[in-house]
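**Q** Need the 3D shape of this:
(chains A, B and C)
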Amino acid sequence: MSELKSMSDNTPNSPQLESQQRRRFIGAATATAAGLAIAPGVMLYEVAHGRSEDEAVSSAVRWGMLVDATKCATGCNDCVSACSTENGWTSVAESKHPKQAPQWIRKLELQDPLTQMETNLPMMCQHCAEPPCVDVCPTGASFKRADGIVLVNRHTCIGCRYCMMACPYKARSLVHESLNDTQKPDVPRGIGCVEACTLCVQKIDRGDGNTACAEACTAAGHNALLFGDMNDPESEISKRLRELPTKQVRADLNLNLGVRYHGI
Amino acid sequence: MKSLLALGVVVLTTAALAWAGSDAQPKAGGAPKPAITKAVKGEQCVEDTDYMRRNHMKVLNQHRDQTVIEGVRSKKHSLKECINCHASEKTGSVAAAKEDFCVSCHSYAAVKIDCFDCHSTKPQGSAAMHPLNAETAHYKHQLAAQATSKVSAEEMARVAQ
Amino acid sequence: MASITFREVEGSSLKYWLLFGFFGLFVLFGALAWNYMHHHGHVVTGMDNQIVWGLPHVFAVFLIVAASGALNVASIASVFNKPMYKPLAPLSAVLSLALMLGGLLVLVLDLGRSDRLIVAMTHFNFKSMFTWNVFLYSGFFGLVGVYLWTMLDRSVKTYSKAAGTAAFIWRLVLTTGTGSLFGFLIARELYGTAMLAPMFIIMSFAYGLAVYLMVLAAAYAWTGRTLGDAVMMRLKSLLVVFVAAVLYFVVVHHMTNLYFTKFHAVEAFILRDGGIFTTLFWVGQILVGGVIPLIILLSALGKQRTWIMIACALVILGGVAQMYVTIIGAQAYPLDLFPGLTEKSSFFDGEVHGYSPSMPELFLGLGGVAIALLATTFAVKVLRLLPASLDDATVAKLEH
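**A** Below is the predicted model:
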């Protein structure tokens, strides 16, 4: 038994280890072995976020996103389709039941009726520091992870949809029908449970340091989405947030949002 | 009045017993024994086989809470790794067909599995899954995402060794 | 004080079993509806990610609110020491338990994962009004059950007042909790106000009494027992007060909102432009549920048994309309994420959300009503709940 354990524990030191894997192990006892192999591409601030595999997330980190609405392109839907692909939810255009289809992220088109000014922006879970959905959840299934990500624990979600009544951003969706094993192995989701944007928690835990939507936005050349640790003063997002005037949606509710918007 | 109620209770109990008796007997003799296929990949389970047979749910439940709430993604006790090893060669899944690893025992024991309402029954990177991926592969961001999705393939390769 | 003879309903007639079968049939329909919804998921309902609580919640919340109100008569008897109401108390307690059962069943069978009910009983988040309600509902069953026991068993009769008082306080808290399910929501303009708690309490008085009156009159008429006018007129006057009070609260709620500019749009939606919701508000809630019953009960018509029954039925219908407007109307109005700007998206932002309830939802709701009535019908057969006679002479003797 004990031999087996040590065997399986050692396997990650094998040479095929991917760079993310290495990052994850840096804080652990295996650091000496893995440390030799740090790839040049690994940026320093990401190393700071590296957790060992069995280390719990900590509140020293607060994941967040900066949305620059002035750079968000009209008609571009790349962030939405990237999210759908990464997390395995059927996009509304392909859904048989568009009214009941989950939408983790959506493009909002705003217009001032007086001035005719138009604004484009993506809307998703705002990852509140004081989330109303967490307050109202009867079973505690709706919860905020230590690193600020608001999630649904599907093991205890009973599908009462009270969180959907409570969310001021209409960020959450109920899975209305059976998904018939089309889920991604990394993103469990299922019938009768409520779900929303997870800030690509599976990617963050893997050490990617970015979300699918932000990656897609960058790949499309718009750079309207910036993801990062808002608690780390040296992170790119913190630096930008210091310089750029940003707002929180429904700031009157004082929920302290993890998603900040520029240009609204 | 009371005698009527009592009579009702007696009748119901007898009926229930009779039903249970008639149902239980043929099942005990006739139900096919679960077909437990050896894991396709890997030599030995992360815990003793005997222990796992009795306690896999405890192991999984403890790990699931750690993963969901604390973000601990260690591999040893994760459902994903169970699936990686135990997915059947035929269906590529642990729960798609009657003989598949999880289903074959669970249907024998008549215990409903709740896992696969939400969890994929197939290993990561399996070609059999996600028609969605094929359909949406044309998206521009796929290029960018590929850099990261490589991880899973490598992971698979390592597990396969 | 003169003693009253309570007697079970014989319940052997064809009519009794027909009634029993009729309710049973609807319970069966409700069960089938649940099975269908549970098997396919909420995709087969009219609910979606905009209207997340639909018709089942309308029925469930109505039944739960009415359940608390049905206990009125018993409370007046033992808490406020009105001997005339004493013989009416056991039915009141049983009816409130039955309505609560029906309402809760609909509520839990409409869950996305109704198979996981046990989770709701083992995992609690005490900041959630829902969690509080889980305890309030269970406590209600316990307290009203004990209260009923003290009424039916002579050996524990001395505890009746204590149990009645506890049940009375508990159900006030319970309806505060039910109103606060909506009152404690910040997201939607029509919720998030302390008004909802007292408003739900007064609504519970009206709806519960209307249901009680109909059940009482039906039980006496169908069993050939005498129900004197003294009882009916007393309860009728009570109903008038409750219905008028409901109207008062509704007026105050909307007038307050109308004073605040930020609520003008949503008030215009409910009161003027909301289509079905506006119709349901003015015709259903205000006219049918309030004004017409008041006219009937306060005019000469209110002296006739049939018209009192019609008024009760209207109060109940108005109550269902009120729940529909309160629960679904508030969701139909789009969330205002960016006040002052128009919004458009694939997720129906900025547009009024339509809702057409599906058959299974309707039958699930009706199943809850049927189970409440079925339980009551069964209870009056096996328990001594109803006085053998409530003629005026018998009732008059109680008064001193």
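**Q** so who does A:Ile204 touch?
**A** Contacts for A:Ile204 (Cβ atoms under 8 Å, 6 or more residues apart in numbering or on different chains) come out as A:63, A:147, A:149, A:211. C-beta here means a position set from N, CA and C on the backbone, and glycine is covered the same way.
**Q** which of these count as buried?
**A** A:63, A:147, A:149, A:211 (16 or more other Cβ atoms under 10 Å in any protein chain shown).
**Q** For burial, what's the neighbour tally of the residue nearest to A:Asn254 when sequence neighbours are not counted?
**A** Counting by Cβ to Cβ, 6 or more residues apart in numbering or on different chains, A:Asn254 lies nearest to A:Glu130, which is 7.5 Å off, once chain neighbours are set aside. As a burial measure, A:Glu130 scores 12 neighbours (other Cβ atoms under 10 Å in any protein chain shown).
**Q** Closest to C:Leu148 out of the buried ones among the contacts of A:Ile204?
**A** Closest approach to C:Leu148 among those (Cβ to Cβ): A:Ile149, at 49.0 Å.
**Q** Could you check how far that closest one is from A:Cys197?
**A** Distance of A:Ile149 to A:Cys197, computed by Cβ to Cβ, to the nearest Å: 9 Å.
**Q** anything in contact with each of the two?
**A** With Cβ under 8 Å, 6+ apart as the test, A:Ile149 and A:Cys197 both reach A:His127.
**Q** what about the residue nearest to A:Asn254, distance to C:Phe124?
**A** 20 Å.
**Q** Then B:Met52?
**A** B:Met52 sits 32 Å away from C:Phe124, going by Cβ to Cβ.
**Q** now swap in B:Ser88 and tell me
**A** Counting by Cβ to Cβ, the gap from B:Ser88 to C:Phe124 is 40 Å.
**Q** ok, C:Asn49 - how many residues close by?
**A** When neighbours are defined as other Cβ under 10 Å, C:Asn49 has 23 of them.
**Q** Tell me if I'm right that it and A:Pro102 touch.
**A** Yes. Using Cβ atoms under 8 Å, C:Asn49 makes contact with A:Pro102 at a distance of 6.9 Å.
**Q** Are there residues contacting both of those two? Which ones?
**A** A:173-174.
**Q** What residue in chain C is the furthest from its centre?
**A** Distance to the chain centre peaks in chain C at C:Leu341, reaching 39.0 Å (criterion: Cα atoms, centre = their mean).
**Q** what residue is smack in the middle of chain A?
**A** A:Leu199 (0.3 Å).
**Q** what's the pLDDT at the nearest residue to that one once chain neighbours are set aside?
**A** Closest residue to A:Leu199 apart from its sequence neighbours, by Cβ to Cβ, 6+ apart: A:Ile149 at 5.0 Å. With respect to pLDDT, A:Ile149 has a value of 97.
**Q** picking that back up, and the residue nearest to the centre of chain A, what is it in contact with?
**A** Taking Cβ under 8 Å, 6+ apart, one finds A:63, A:65, A:125, A:127, A:149, A:211, A:227, A:258 in contact with A:Leu199.
**Q** just those residues now: which is nearest chain B?
**A** A:Ile149 (8.4 Å; Cβ to the nearest Cβ).
**Q** Isn't that closest one up against A:Cys200?
**A** No. At 9.4 Å, A:Ile149 does not count as touching A:Cys200 under the criterion of Cβ under 8 Å.
**Q** what separates A:Ser52 from chain C, distance-wise?
**A** Computed as Cβ to the nearest Cβ, to the nearest Å, the A:Ser52 to chain C distance reads 29 Å.
**Q** Could I get the phi/psi values of the residue lying closest to C:Leu287 once chain neighbours are set aside?
**A** Nearest residue to C:Leu287, sequence neighbours excluded (Cβ to Cβ, 6+ apart): C:Gly318, at 7.9 Å. Dihedral angles of C:Gly318 (phi, psi; degrees, to the nearest 10) stand at phi -60, psi -40.
**Q** Identify the residues contacting C:Gly318.
**A** C:284-290, C:293.
**Q** How about A:Cys128?
**A** By Cβ under 8 Å, 6+ apart, the contact list for A:Cys128 reads A:144, A:150, A:255-258.
**Q** Narrow these to those that are buried.
**A** A:144, A:150, A:255, A:257-258.
**Q** Return the distance of stretch C:116-129 from the chain's centre.
**A** Taking Cα atoms, centre = their mean, to the nearest Å, one finds the center of stretch C:116-129 at 23 Å from the center of the full chain.
**Q** Helices of the stretch 301-400 of chain C, residue ranges please.
**A** Using DSSP state H, counting those that start in this stretch, the helices of the stretch 301-400 of chain C run over C:305-324, C:330-332, C:359-382, C:392-398.
**Q** Near chain B, which residues of chain C? Just list them.
**A** By Cβ under 8 Å from any Cβ of the partner chain, the residues of chain C that approach chain B are C:8, C:382.
**Q** distance of the most centrally placed residue in chain C from C:Leu297?
**A** Per Cα atoms, centre = their mean, the C-alpha nearest to the average position across chain C is that of C:Ala66, at 2.3 Å. In this view, C:Ala66 and C:Leu297 are 18 Å apart by Cβ to Cβ.
**Q** export the helices of the stretch 301-400 of chain C to JSON lines and tack on mean pLDDT?
**A** Output for the helices of the stretch 301-400 of chain C, formatted as JSON lines (pLDDT from 0 to 100):
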{"stretch": "helix C:305-324", "mean pLDDT": "97"}
{"stretch": "helix C:330-332", "mean pLDDT": "96"}
{"stretch": "helix C:359-382", "mean pLDDT": "97"}
{"stretch": "helix C:392-398", "mean pLDDT": "83"}
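**Q** so can I have TSV of the ones you listed showing distance to C:Asp115?
**A** TSV is the format used below for the helices of the stretch 301-400 of chain C (distance: least, Cβ to Cβ, whole Å):
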stretch	distance to C:Asp115
helix C:305-324	26
helix C:330-332	25
helix C:359-382	15
helix C:392-398	49
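**Q** show me what contacts the residue in chain C that chain A sits nearest to?
**A** Nearest to chain A in chain C, going by Cβ to the nearest Cβ, is C:Gly112, at a distance of 1.8 Å. Taking Cβ under 8 Å, 6+ apart, we find C:Gly112 in contact with A:157-161, A:174-175, A:191-194, C:41-42.
**Q** Please, where are all the strands along the stretch 101-250 of chain A?
**A** For the stretch 101-250 of chain A, the strands defined by DSSP state E, counting those that start in this stretch cover A:105-111, A:118-124, A:142-144, A:150-152, A:173-174, A:194-195, A:225-229.
**Q** Need the winner for burial among these.
**A** With neighbours taken as mean count of other Cβ atoms under 10 Å in any protein chain shown, the strands of the stretch 101-250 of chain A reach their highest mean count in strand A:194-195, at a mean of 26.
**Q** mind listing what that strand pairs with, with the direction of each?
**A** Sheet pairing of strand A:194-195 (DSSP bridges) gives strand A:173-174 (antiparallel).
**Q** quick one on the thing from earlier: between B:Ser88 and C:Phe124, which has more neighbouring residues?
**A** More crowded of B:Ser88 and C:Phe124, by other Cβ under 10 Å: B:Ser88, with 23 against 16.
**Q** SS state for the more buried one?
**A** coil (DSSP: H, G, I helix; E, B strand; the rest coil).
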